[in-house]
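>>> Provided below are the primary sequence and the corresponding predicted coordinates.
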Amino acid sequence: MRRLWLLLCALCFVLAGCGGEAAEKHSRDFFAMDTYMTMIAYGPRAEEAMQAAEARIRTLEDELSVTREGSDIWRVNHRTDDAVPLGRDAAEAVGFALAAAKETGGALDPTIYPVVEAWGFTKDHQQVPEETALRAALARTGWTRVRLDDGSLTLEPGMEIDLGAVGKGYAGREAGQVLRDRGVTSAILSLGGNIEAVGSRPDGTPWRVGLRAPDAEGYAGMLSVQDAAVVTSGSYERYFTDESGRRWHHIIDPATGYPAENGLVSVTIVGQDGLVCDALSTALFVMGKEKAAAFWRAHGGFDMILIEEGRHITVTEGLAGRFSILPDYTEEEAEVLRR
Ligand code: AMP
Ligand code: MG
């Protein structure tokens, strides 16, 4: 009888222990890839898993950074031979970016870097480039002039590559995978505003993600997600104002060399794979609303939220019921895109 009692006590302890630990919240904040990153994860394996996820992000930064001396991308841009062998991560990211360039008709172009440099978005000092300088920079771009064979990248002389438009999404995907592989079932990561949701909240309800207002403090809306990436490209994220008061932002239309100007101020992509979401957020921002809608209808596999100047919001049908606009932002209802 006494032994049975002890056994029951032990069992209760184990169950209580499990329940308590499962809901235990852990967090980790750090700076990487030029931005603040925050992780929140629940459960007994959270700390160790987040440490491994941060290490994975730092490895990716070492390999993909355009400014870090010795990174794979830095070696490409400072090459002395035509062909540069890439590590596994860089080969995957560049291969993906080139495929996405093809799929989006060049709206995403990983060779746009000379133009980004001409605008000064790589430095502290930004300026509207002279027409001739811009044309010269554009002449050094073009994803169709790049070859990736067996992990070896060949660029024409003067061309440069940059994964700024996909790197954080790749990091989000990889960090989420590290957490899942280590048994974490409830976590949310914010990599400079790019969200990677692992599982659901500890109580099983979806994560609630705020969508930043592009033209005001605070949020434009709230989104419920589980096991998904939420990636936003916005003209408010990086920009400067010239002497005449005109604003110029950092998302370049590779067809013109100028910041994309089509009425969109923010594009959010919701999907399974952070890398895909990051590529599409940039590309669909460049395309503008009509082409973005046509792209979504033709390809599917993701959802999106578009915000236009004037605060008109459009969502794809998969988000109806999962996205709500904050009434303080606009009283206008979201337009729902259907197939
Ligand atoms: P994102 O915030 O993901 O939309 O990425 C924007 C960053 O990618 C910019 O700061 C540039 O460094 C780079 N970029 C700008 N325009 C393009 C483009 N059309 N294709 C690829 N990268 C771009
Ligand atoms: Mg992007």
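Sure, I can see it. Numbers count the residues shown, from 1 in each chain. Ligands and ions are numbered 1, 2, ... in the order given.

>>> for the residue lying closest to residue 280 once chain neighbours are set aside, list each beta-bridge partner.
The shortest distance from residue 280 to any non-neighbouring residue, by CB to CB, 6 or more residues apart in numbering, is to residue 269 (4.6 Å). Glycine gets a C-beta too; all of them are placed from N, C-alpha and C. Residue 269 has these beta-bridge partners by DSSP bridges: residue 231, residue 304.

>>> need the contact list for residue 269.
Residues in contact with residue 269 (CB atoms under 8 Å, 6 or more residues apart in numbering) are 229-232, 276-278, 280-281, 284, 302-304.

>>> tell me how far it lies from residue 262.
Note on residue 269: its distance to residue 262, by CB to CB, to the nearest Å, is 17 Å.

>>> now swap in residue 236 and tell me
15 Å.

>>> what residues does this protein put near ligand 1?
Contact residues, the chain versus ligand 1 (CB under 6 Å from any ligand atom): 108-110, 112, 116, 121, 162, 164-165, 233, 237-238, 250-252, 254, 278, 281-282, 286.

>>> so which of the residues you listed belong to strands?
residue 233 (DSSP state E).

>>> residue ranges with poor pLDDT in the stretch 151-300 of the chain?
Residues of the stretch 151-300 of the chain meeting the criterion pLDDT under 70: none.

>>> show me where it has its helices.
167-181, 274-287, 289-299 (DSSP state H, counting those that start in this stretch).

>>> residue 63 reaches residue 72, doesn't it?
Yes - under the criterion of CB atoms under 8 Å, residue 63 makes contact with residue 72 at 5.0 Å.

>>> which neighbours do the two share?
Counting by CB under 8 Å, 6+ apart, the residues touching both residue 63 and residue 72 are 87, 89-90.

>>> which of those residues has the most neighbours?
residue 90 (23 neighbours; other CB atoms under 10 Å).

>>> can you give me the buried ones in the strand or helix carrying that residue?
Element membership for residue 90 (DSSP states H and E) is helix 88-103. Buried residues in helix 88-103, defined by neighbour count with 16 or more other CB atoms under 10 Å: 89-91, 93-94, 96-98, 100-101, 103.

>>> then stretch 250-257?
Those would be 250-254, 257, for stretch 250-257 by 16+ other CB under 10 Å.

>>> stretch 213-225 too?
Quick answer for stretch 213-225 (16+ other CB under 10 Å): 213-215, 219-221, 223-225.

>>> before we move on, what about stretch 114-121?
Those would be 114-119, 121, for stretch 114-121 by 16+ other CB under 10 Å.

>>> could you do stretch 313-332 as well?
Quick answer for stretch 313-332 (16+ other CB under 10 Å): 313-316, 318-319, 323, 325, 329-330.

>>> need these in JSON lines (columns: pLDDT).
JSON lines is the format used below for those (pLDDT from 0 to 100):
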{"residue": "313", "pLDDT": "98"}
{"residue": "314", "pLDDT": "98"}
{"residue": "315", "pLDDT": "98"}
{"residue": "316", "pLDDT": "98"}
{"residue": "318", "pLDDT": "97"}
{"residue": "319", "pLDDT": "97"}
{"residue": "323", "pLDDT": "98"}
{"residue": "325", "pLDDT": "97"}
{"residue": "329", "pLDDT": "97"}
{"residue": "330", "pLDDT": "97"}
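
>>> quick one: which of the residues you listed sit in strands?
In this view, the buried residues of stretch 313-332 that belong to strands under DSSP E are 313-316, 323, 325.

>>> nearest residue to the residue of the stretch 101-250 of the chain found nearest ligand 2 other than its sequence neighbours?
Nearest residue of the stretch 101-250 of the chain to ligand 2: residue 165, at 4.1 Å (CB to the ion). In space, and not counting its chain neighbours, residue 165 is closest to residue 282: 4.1 Å by CB to CB, 6+ apart.

>>> I'd assumed residue 162 was in contact with that neighbour.
No - Residue 282 is beyond contact range of residue 162, at 11.5 Å (criterion: CB under 8 Å).
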